[in-house]
Structures are given as C-alpha cells and as structure tokens.
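In: Test case, fold it:
(chains A, B, C and D)
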There are 2 protein chains.
Amino acid sequence: MDRKEISQAVIQRLPRYYRYLEDLMDQGIERISSGELSKRMHLTASQIRQDLNNFGGFGQQGYGYNVANLHDEIAKILNIDRENPMIIVGAGHLGQALANYTNFQKRGFILKGIFDINPERIGKEAGGIKILPMTEMKTLVKKEKIRLAAICIPKSESIKVVDDLISYGIEGIWNFAHIDLDVPKHVVIENVHLSESLMRLSYRLFEELK
Amino acid sequence: MDRKEISQAVIQRLPRYYRYLEDLMDQGIERISSGELSKRMHLTASQIRQDLNNFGGFGQQGYGYNVANLHDEIAKILNIDRENPMIIVGAGHLGQALANYTNFQKRGFILKGIFDINPERIGKEAGGIKILPMTEMKTLVKKEKIRLAAICIPKSESIKVVDDLISYGIEGIWNFAHIDLDVPKHVVIENVHLSESLMRLSYRLFEELK
DNA sequence: TAGATTGTTAATCGATTAACAATC
DNA sequence: TAGATTGTTAATCGATTAACAATC
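Out: Below you'll find the model as predicted:
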C-alpha cells in the first residue's frame, strides 16, 4: 500500500482516539460525530476529520462515525488487531509493573518472556510467567520470532543488551532506560523517558509564577 | 517576569537538553557549540539556538556554550534547582518503581510519602520510607505543603483521589492512570499513558510493511 | 586581529483551522 | 426531501530552518 507519509503529530493522537472510542463503546454509544468527539477530547472537529482521512473515509455524511467500526479500523491501523508477542528485559519493579498490565495483553501484546540477571529474581513469577536468566533470551526470541522488547534495565547495561536483541531479530524497542539508543534504520524505538516527563511537569508547575 | 509564551515543542525538548548536558559534564567536556550539540542530539544547530534564546543568551560568540553554566541555567528554568517534595499514590509495582528511582531524588524530587489502600502493603518500605494508608494523605500533604503527586492507581479510583488531592493543595499531577483527568485551571497534569506509547510503537513497527 | 559561533531576523515548511460543496 | 455532517480544499497559524550581521 503506497500512501503519503503520516506525520508524527497524527500518530501521537491515534492511540488516544482509540482509547476514547473504547470508552464510548463501554458506554454503549453507537455513533458519534466529529463535533461531539471533539468536545470530549478537547480537539477541533476539523483536526479529527483530517487525522482520520489520512487513513480512509470512515465516516458517513449526515451520520457521523460508527463507533465500533471506527474502533476496529484504528485497531487495524495501529496493528493491534493481531497478537504481538513481546518480551520484557529487566524484572525490577518497572519490568514487573509492565508484565502485570492486563491492558497490554488485552490489546494483543502477549508477554512471552521476562528476563533478569539477578539470581534472586530468576524463577519467580511476573505477569503469569517465570522470570528467566538473560542467557535464555536469544533462544526464545529466535524460536518465537519475537519483534518487540521492553527495556527496563539501567542505562549502563542497555546499550549492549539492545545490540544483542537486535542481532537476535528484535525490531521494536520500548525503551525505559534514560538514554537515547543508536539502532539500525530498520529498528524503531519508542522512548519513555520518565525523568524527562517529571521535569516537564516541574516546569509547568512553576510556569505560572514567573 | 513577563515574557512571551513558550511553545510546548520547546518545553518538550528542554529536559533532553538537560540530560545531554549532564552527560557532557560526566565526560568532562567544558564547552560545546550549538553545531556540535546538534550532531549529538540529531537536531539542527538553529533549533538549539532558537530554543535556548527563549530563555536568555546563554552562549558567547566564537566560543559556544559553557556546559556547566548552561546545565545550571536549564535546571533553573525547569525548577529542579530546588527541592520539590512529592508523594506517590499507589504502591503497586509502578508506584514502587517510581519510589526507587534515585534519579528523581537526585533532581530534587523528594519523596515525602507513598500511599496505598491495600493493608498488605501498608507498613512495608518503598523508596526508603514506609507505605502509609491513604487516609493519612490529607494530613501529610497539608502539613508538608506538597504540590506534586504521582498517580499510580487504577483509573476507576483515580478520579475521586485526584479531586481529593487537589482539595488538599496538590497542584501538579503526574498521571499514570489510563484516563484524561479533568482538573481546575491552576492544576497541571502530565500524562504518562503507557498503553498509548506501546500502540505508537506498534504502529511504527508495522509501518514500513505497508 | 582573524576565526568561530552566537543571537536574531527572514524564509520556508508543515500542521491546524476554517469553509463549503458533496452526500447520506 | 431537509438537515446533518462528512471529506477535502484553501487559508491561517506556528514551528523549523536558513542566513548573516554582531561580537567574543
């Protein structure tokens, strides 16, 4: 499928649309107009229509959008309409927090392995599966053809580990380490730099006083 | 201090500059030009100079920027040049992960309390302090004049808890619950919607195939 | 001084908003 | 059919990049 490049701004908003549509379904709402959705999401109706029309005409004049249909279409766009096996590297509190998010499993992200170097953690359970030693990562990633890995280890170790993971076939890195990793072009990284997020909050908290 | 509104895009980048300056200091680098920094950060030199000049002329023609000085200036802009007491609501894995991030303490975010409703967790330690019952939140927030709270509880409970916190004097919410909270204008929210982050990664992971 | 690099203005690019004809 | 609301083009707004005089 050939189509024009989608901007980062649009991609940023897509999962949020998905979440709102989920909520609408839970509330039993069957159809919604861009105007009504714009009020709930604090966006303009124009932006919603522009965003969606990057991917296709999902609405109907005079009617609006069918909630369940749009929900499914966005799931397809985000590729969460299938099972996405993933692993978590690092079984500290953060790794375990991710392992236990039932939300992820619900959206097709199936936890296939969680790894740690700490012998005290190995063998215990997290997210319903046993924590494995990192030496077993290679075999599992290759055998299960896993493409997604969450990095929940200190930045000092993450460079080496990520290089290894990529050599095993990992193509998507969900990075929680406080470092910007260099990766080949075919690998995508989504950074979650929590300390930067907290600093932004700090800035905005004091902004009004200036 | 009256000055023109700073755009969200700039605020987004500020903590990243701070992190790179920290790294430069660790490497013993004393001065850096916008050109050299732009290469490391994969930005344009022009953007760096534009960003910084929103807050003042921190550089010197023919020399560049003094790393330690710029680092301190950005700390001031972000308000992490002082101690910011904070609390964490929810002592599950995520709450405990945040409580144990030494990075936060290093940047002046001092954990004053961590709360939970689960009796099994209460009394145990997280981040060097005892987990308290949520009934004690009000007293602590008021006594210590705490402005910052991290929300690590399920979305179903977070609406009520956040309303309460705001009534106690909290003005900054670091929200990890999967919901967009409605708050009065004087309260700022920084959302960390992890499931949305994972969906963005999923989109980009499959994007090339289309 | 000469060279380097900033601060800042102007030009460009891209994203958001407005408007409206098409159409359900 | 009439009213509502989309899809889409055009206008506006804002952010990024380029250029260069100022100056250390």
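In: What is the burial count for the closest residue to A:Pro184 other than its chain neighbours?
Out: With sequence-adjacent residues excluded and distances taken as C-beta to C-beta, 6 or more residues apart in numbering or on different chains, A:Pro184 is closest to A:Ile166, at 6.6 Å. For the C-beta atoms, the positions are set from N, CA and C on the backbone; glycine is no exception. Neighbour count for A:Ile166, taken as other C-beta atoms under 10 Å in any protein chain shown: 17.
In: before we move on, which element is the residue nearest to A:Ile146 when sequence neighbours are not counted in?
Out: Excluding its sequence neighbours, the residue lying closest to A:Ile146 (C-beta to C-beta, 6+ apart) is A:Pro85, at 4.9 Å. Assigned by DSSP states H and E, A:Pro85 belongs to strand A:84-89.
In: Look up phi and psi at A:Lys143.
Out: phi -60, psi -40 (degrees, to the nearest 10).
In: Need the per-residue pLDDT for it.
Out: Listed pLDDT for A:Lys143 reads 98.
In: Domain-wise, how is chain A divided?
Out: A:8-78, A:84-196 (automatic domain parsing).
In: What is the end-to-end distance of the longest one?
Out: Yep, that's domain A:84-196 we're talking about. Start-to-end span of domain A:84-196 (C-alpha to C-alpha, to the nearest Å) is 28 Å.
In: and that domain, how far from the chain's centre?
Out: 13 Å (C-alpha atoms, centre = their mean, to the nearest Å).
In: Next: the shortest one.
Out: A distance of 18 Å separates the C-alpha centroid of domain A:8-78 from that of its chain, computed with C-alpha atoms, centre = their mean.
In: Same check on stretch A:190-203?
Out: With C-alpha atoms, centre = their mean, you get 17 Å for stretch A:190-203.
In: Please work out which residues outside that stretch touch it.
Out: Stretch A:190-203 has contacts (C-beta atoms under 8 Å, 6 or more residues apart in numbering or on different chains) with A:172-176, A:178, A:180, B:11-12, B:14-16, B:18-19, B:77-80, B:84, B:98, B:101, B:103-104, B:107, B:109, B:148, B:172, B:174, B:188, B:190, B:192, B:194, B:197-198, B:200-201, B:204.
In: Buried subset of those, written for PyMOL?
Out: To isolate the buried ones among those in PyMOL, judged by 16 or more other C-beta atoms under 10 Å in any protein chain shown, type:
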select buried, (chain A and resi 172+173+174+175+176+178+180) or (chain B and resi 11+14+15+16+18+19+77+78+79+80+84+98+101+104+107+109+148+172+174+188+190+192+194+197+198+200+201+204)
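In: Surely A:Gly90 touches A:Ala149?
Out: No - with contact defined as C-beta atoms under 8 Å, A:Gly90 does not count as touching A:Ala149 (10.2 Å).
In: Provide a list of residues in contact with the nearest residue to A:Leu111 once chain neighbours are set aside.
Out: Leaving aside its sequence neighbours, A:Leu111 sits nearest to A:Gly127 (C-beta to C-beta, 6+ apart; 5.1 Å). By C-beta under 8 Å, 6+ apart, A:Gly127 lies in contact with A:Ile88, A:Gln96, A:Leu98, A:Ala99, A:Asn100, A:Leu111, A:Ile114.
In: go on, A:Ala75?
Out: Counting by C-beta under 8 Å, 6+ apart, the residues that A:Ala75 touches are A:Tyr18, A:Asp81.
In: can you tell me which helix or strand it belongs to?
Out: With secondary structure defined by DSSP H and E, A:Ala75 is part of helix A:67-78.
In: so, in contact with DNA strand C or not, that helix?
Out: No - applying C-beta under 7 Å from any atom of the strand, one finds helix A:67-78 separated from DNA strand C by no less than 13.1 Å.
In: Convert the C-alpha atoms of that helix to CSV, please.
Out: Listed next in CSV are the C-alpha coordinates belonging to helix A:67-78 (Å, rounded to 0.1, in the frame of the first residue of the first chain):
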residue,chain,number,x,y,z
VAL,A,67,-18.1,3.8,17.0
ALA,A,68,-17.4,0.1,16.8
ASN,A,69,-16.4,0.3,13.2
LEU,A,70,-14.0,3.2,13.7
HIS,A,71,-12.6,1.5,16.8
ASP,A,72,-11.8,-1.6,14.7
GLU,A,73,-10.3,0.5,11.8
ILE,A,74,-8.0,2.3,14.2
ALA,A,75,-7.0,-1.1,15.7
LYS,A,76,-6.0,-2.2,12.3
ILE,A,77,-4.0,1.0,11.6
LEU,A,78,-2.2,0.5,14.9
